[in-house]
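Peer 1: Attaching a predicted model along with its sequence, questions to come.
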Amino acid sequence: MPDSLRHDLGTVMGLDFGLRRIGIAVGNDITGTAQPVDTLQANDGEPDWSRLDRLIQQWRPGCFILGQPKQDDQTHPLEAHIRAFGDKLSQRFDLPLYEVNEQFSSRAAESHLLMQRQQGNRGRIKKQDIDALAAAMLVEQWLADRSRGEQI
């Protein structure tokens, strides 16, 4: 990506959407790294907006990265829910929203956490841990794609 088209976003916030839980992570545009932050409970895809407000005030992201599962010429059952959530997110916080393919992020996150547990580096794995780590993986994927010039 030409330097004239690239601008640093600083902190970015990733969200791994689910109807019952939404994993939250933050990443750094300069280092290309991300960390899990939280998992919000959701009621049919509606998060605790006040808790999300607090996270946004705390981290002050420059944009949102939202996972959208992509399947070969098929519509994913959650696609409409994710798009509706993304629309609300953009309108509520007036920040740019970017999508990244997250078809296997939860599986990858779970595998990573299981490996850590087998090595004795962590205890019990909770679904909330998987969701937040999946969000971090989405952010790192998006940042890597962006640094290679695959998105502007």
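Peer 2: Noted; the coordinates are in hand. Bear in mind that the values here come from a model prediction, so they are computed numbers and not experimental data.

Peer 1: Report the buried residues of the top strand by length along the chain.
Peer 2: Of all segments of type strand in the chain, defined using DSSP state E, the longest is strand 33-43. When neighbours are counted by 16 or more other CB atoms under 10 Å, the buried residues of strand 33-43 are found to be 34, 36-40, 42. In this view, the C-beta of every residue, glycine as well, is placed from N, C-alpha and C.

Peer 1: Give me the helices and strands touching it, please.
Peer 2: With contacts defined as 3 or more CB pairs under 8 Å, 6 or more residues apart in numbering; DSSP states H and E, the packing partners of strand 33-43 are strand 21-28, helix 49-59, helix 127-147.

Peer 1: picking that back up, would JSON lines of the buried residues of strand 33-43 with distance to Met13 and pLDDT be doable?
Peer 2: As requested, these are arranged in JSON lines below (distance: CB to CB, whole Å; pLDDT from 0 to 100):
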{"residue": "Ala34", "distance to Met13": "9", "pLDDT": "94"}
{"residue": "Pro36", "distance to Met13": "12", "pLDDT": "93"}
{"residue": "Val37", "distance to Met13": "8", "pLDDT": "95"}
{"residue": "Asp38", "distance to Met13": "10", "pLDDT": "93"}
{"residue": "Thr39", "distance to Met13": "13", "pLDDT": "92"}
{"residue": "Leu40", "distance to Met13": "12", "pLDDT": "94"}
{"residue": "Ala42", "distance to Met13": "16", "pLDDT": "92"}
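
Peer 1: so which of the residues you listed would you say is closest to Gly149?
Peer 2: For these, the residue nearest Gly149 by CB to CB is Ala34; the value is 19.5 Å.

Peer 1: wouldn't the closest one be in contact with Ala134 here?
Peer 2: No - with contacts counted by CB atoms under 8 Å, Ala34 stays clear of Ala134, the gap being 10.7 Å.

Peer 1: chain center to stretch 88-107, what's the gap?
Peer 2: Between the mean C-alpha point of stretch 88-107 and the mean C-alpha point of its chain there is a distance of 6 Å (CA atoms, centre = their mean, to the nearest Å).
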